[in-house]
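Peer 1: Sequence and computational prediction follow.
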Amino acid sequence: MIRVLFVCLGNICRSPTAHGVLLGRLEEEGLSTQVQVDSAGTAEWHTGKAPDPRSQAAANDRGVDISGLRARQVNEDDFHIFDYILAMDRSNFSDLMEIYERTGGTRPKLFLRAFGRSFDEHEVPDPYYGGEAGFRHVLDLIEDACDGLIADIHQTLAGKP
Ligand code: 4NP
């Protein structure tokens, strides 16, 4: 089993979006039984909440239902459970690196820098204080990097380095 954890700040916009998009892509690829997906926030403010309605709407427009996801905060155990820990922006990444330096385990990666293909951007920008276009752009960036991630997962499952 391969385990993937997406991490943003609040776990109500970007990381649940990535969580839902990857689940859909895994289903299409016939990989659902081999890969587990979760998402978390570096902050605990929104623990227990459903994704932001604007993220739910933007995901729905791409055929992805994220309404059932609930927010939680990332914790030290995650670093020993997940094989991929993928940060949405540099601030999330540096918060995760602080935990990693204490606990070891899986080294976090900046999601777009590691797996993005078509965009010249290395961060998924926080859409929370912006308009609808920002939420659509989050989907564009995440769909693109999920393709790169799926390719990497295929390689891992095939036993290649
Ligand atoms: P996320 O977006 O990190 O993509 O879930 C945010 C959600 C909430 C807040 C900031 C960013 N907030 O300030 O409450």
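Peer 2: Received, thanks.

Peer 1: Count the neighbours of the residue nearest to residue 71 when sequence neighbours are not counted for me.
Peer 2: Using CB to CB, 6 or more residues apart in numbering and skipping residues adjacent in sequence, the residue nearest residue 71 is residue 11, 3.9 Å away. Backbone N, C-alpha and C define where each C-beta goes, glycine included. By other CB atoms under 10 Å, 29 other residues sit near residue 11.

Peer 1: wait, doesn't residue 11 sit right on residue 48?
Peer 2: No. Look at residue 11 against residue 48 with CB atoms under 8 Å: they stay out of range, at 10.2 Å.

Peer 1: anything in contact with each of these two?
Peer 2: 71-72 (CB atoms under 8 Å, 6 or more residues apart in numbering).

Peer 1: Does residue 6 lie in a helix or a strand, and which?
Peer 2: strand 2-8 (DSSP states H and E).

Peer 1: Return the list of strands paired to that strand, each annotated with direction.
Peer 2: strand 35-41 (parallel), strand 84-87 (parallel) (DSSP bridges).

Peer 1: State the three-state secondary structure for the residue nearest to residue 71.
Peer 2: Here residue 11 is recorded as coil under DSSP: H, G, I helix; E, B strand; the rest coil.

Peer 1: mind listing what it touches?
Peer 2: By CB under 8 Å, 6+ apart, the neighbours of residue 11 are 39-41, 43, 46, 71-73.
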